[in-house]
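Participant: Sharing a sequence plus its predicted fold:
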Amino acid sequence: MTGSSGIAPAGGAGQGTPHVRGIPSSRGWESVLMALGTIRANRMRSLLTSLGILIGVMNVVTMVALISGVNESVMRVFKTLGTNSFVVSKFPASNVTYEQYLEYIRRKDFTSADADAVEAACASVEAVSPQTAVARKVRRGSTSTKEIMILGVTPEYQYISDSRVADGRFFAWPESDRRRQVAVLGSTVRDHVFGSTDAVGKTVFVGEHRFLVVGVMERMGEMFGQSMDDYVIIPFATAGKLYGERLMTRLSVKVKSAELLDRAIVETEQVLRKRRGLRAGDRNDFDVITQTQLVEMYQNLTRVTWIVMIGISAIALAVGGVGIMNIMLVSVTERTREIGIRKAVGARARDVAAQFLVEAAVLSALGGLVGLGIAAGLAKLIATATPIPAVVQPWSIAVALGVSVGVGVFFGLYPASKAARLDPIVALRHE
């Protein structure tokens, strides 16, 4: 007669079936079901325990959705500059202090002659357009817009900005040189002033001056609820004649290819320095703004948001992890006798530890899933009810769930280790 401290195999020793002890790894799914049963038996306690994980995951996924949506909108605007174009301006792309503003505002403005000189002397440059802007209302009959941007440019601007005319045409060089009062409307202005009526060939008042509408630009859409089609384009020389020669001006420059961008910037700087009488060693009294600079500036601004988001999420996940550790320690105490029985019938220490780790991971994962569901709902609500775009990113879902399970495992290690080290004899005596 023989004895055994384990569980006898169901098929008998003679069939060669391996001895089953505790909960082998092949029965991991049963471990998950057991963990769910334990969580179901203590619903309220489990919910409160996973609240920190829920908040952390909800915060991460929601913020990533918001930032990703905003990024897509902003980058779409930046791309209108193109990788083979840049702007020469009195002001830099970055924010300036009041003292710096007073310094920059005294810089010389650019002229049509500057644009012509750059285009003629720079081999890497394909086209240049001076650009100025004023704010005026657009009116037709009793219908009027609010004050919108009136952009003064040359005909080359259409090519430089890669913009297209949806109806009619862009104004031509003869109209620009002769300061004709012709205008190309943004689609929002056309809709507001003309409604469904064809605008081409009709007249509008831009401020106090009558203009003939020759075209309507293609629709660009909205950004943060603000229309990007709320503008009127008129000839640069006409803007100077009607609204003043001292309007602040900048140059829009298109390069022959993206590979020639750096060379074109150097050539443009050399031409402008010579025209402005700057000597060797003098600082430029103008700034060159590229798409890369704008993107870097925007990324520097959003970097702070990312850091704050990560910090808040880390705190919430840490609080949730401590809650899981606490509840698992309580669970070890409550189930001491159960642990003793399992060890007495052959469960190994690693089997007991694995069971508690699975419970901690499942508890944390459930909090993550609930947080993920709430975040997806919030993102959809924000995108529907506000002008702020919100797009849930698949990678943020994977990261959020992975981190939530990782937090559960990390903070479940100590309770699992404590359960695994229990002496079965002492555990069986526990009441």
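Facilitator: Happy to help now that I have it.

Participant: The stretch 51-200 of the chain: strands as residue ranges?
Facilitator: Secondary structure of the stretch 51-200 of the chain (DSSP state E, counting those that start in this stretch): strands at 85-89, 125-136, 138-140, 143-144, 148-153, 165-168, 182-185.

Participant: Dump the ones you listed to a markdown table, plus distance to residue 410, mean neighbour count and mean pLDDT.
Facilitator: Where C-beta positions appear, they are placed from N, C-alpha and C, glycine not excepted. Below are those laid out as a markdown table (distance: least, CB to CB, whole Å; neighbours: other CB atoms under 10 Å; pLDDT from 0 to 100):
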| stretch | distance to residue 410 | mean neighbour count | mean pLDDT |
| --- | --- | --- | --- |
| strand 85-89 | 49 | 22 | 90 |
| strand 125-136 | 56 | 21 | 92 |
| strand 138-140 | 62 | 20 | 94 |
| strand 143-144 | 63 | 13 | 91 |
| strand 148-153 | 54 | 21 | 93 |
| strand 165-168 | 57 | 15 | 92 |
| strand 182-185 | 60 | 26 | 96 |
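
Participant: which stretch among these comes nearest residue 298?
Facilitator: With CB to CB as the criterion, residue 298 lies closest to strand 85-89 of the strands of the stretch 51-200 of the chain, at 15.5 Å.

Participant: What strands flank that closest one, and is each parallel or antiparallel?
Facilitator: Paired with strand 85-89 in the same sheet, following DSSP bridges, are strand 249-255 (antiparallel), strand 287-290 (antiparallel).

Participant: now that strand, how far from the centre of its chain.
Facilitator: Relative to the mean C-alpha coordinate of its chain, strand 85-89 is positioned 25 Å out (CA atoms, centre = their mean, to the nearest Å).

Participant: how big is the angle separating that strand from strand 125-136?
Facilitator: Using axes from the mean of the first three to the mean of the last three CA atoms, to 10 degrees, the inter-axis angle of strand 85-89 relative to strand 125-136 is 50 degrees.

Participant: how about the strands of the stretch 51-200 of the chain, which one is nearest residue 362?
Facilitator: strand 85-89 (54.6 Å).

Participant: List the contacts of the closest one.
Facilitator: 81, 110, 160-161, 250-255, 261, 264-265, 268, 272, 286-291 (CB atoms under 8 Å, 6 or more residues apart in numbering).

Participant: can we see that at 7 Å?
Facilitator: Here strand 85-89 makes contact (CB atoms under 7 Å, 6 or more residues apart in numbering) with 110, 160, 250-255, 265, 268, 272, 286-290.

Participant: between those residues, which is closest to residue 153?
Facilitator: Once CB to CB is applied, the member of those that ends up nearest residue 153 is residue 252, at 7.6 Å.

Participant: Make a markdown table out of the strands of the stretch 51-200 of the chain and add distance to residue 359.
Facilitator: Output for the strands of the stretch 51-200 of the chain, formatted as a markdown table (distance: least, CB to CB, whole Å):
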| stretch | distance to residue 359 |
| --- | --- |
| strand 85-89 | 59 |
| strand 125-136 | 64 |
| strand 138-140 | 67 |
| strand 143-144 | 68 |
| strand 148-153 | 61 |
| strand 165-168 | 62 |
| strand 182-185 | 66 |
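
Participant: For residue 324, find the nearest of these.
Facilitator: Going by CB to CB, the one of the strands of the stretch 51-200 of the chain nearest residue 324 is strand 85-89, 53.5 Å.

Participant: hey, C-alpha coordinates of the closest one in CSV?
Facilitator: Written as CSV, here are the backbone C-alpha positions of strand 85-89 (Å, rounded to 0.1, in the frame of the first residue of the first chain):
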residue,chain,number,x,y,z
SER,A,85,8.5,77.1,-49.7
PHE,A,86,9.2,79.6,-46.9
VAL,A,87,8.2,83.0,-45.7
VAL,A,88,10.4,86.1,-45.1
SER,A,89,8.9,88.2,-42.3
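
Participant: ok so, going back, return the closest of the contacts of strand 85-89 with respect to residue 146.
Facilitator: For those, the nearest to residue 146 is residue 250 (24.3 Å; CB to CB).
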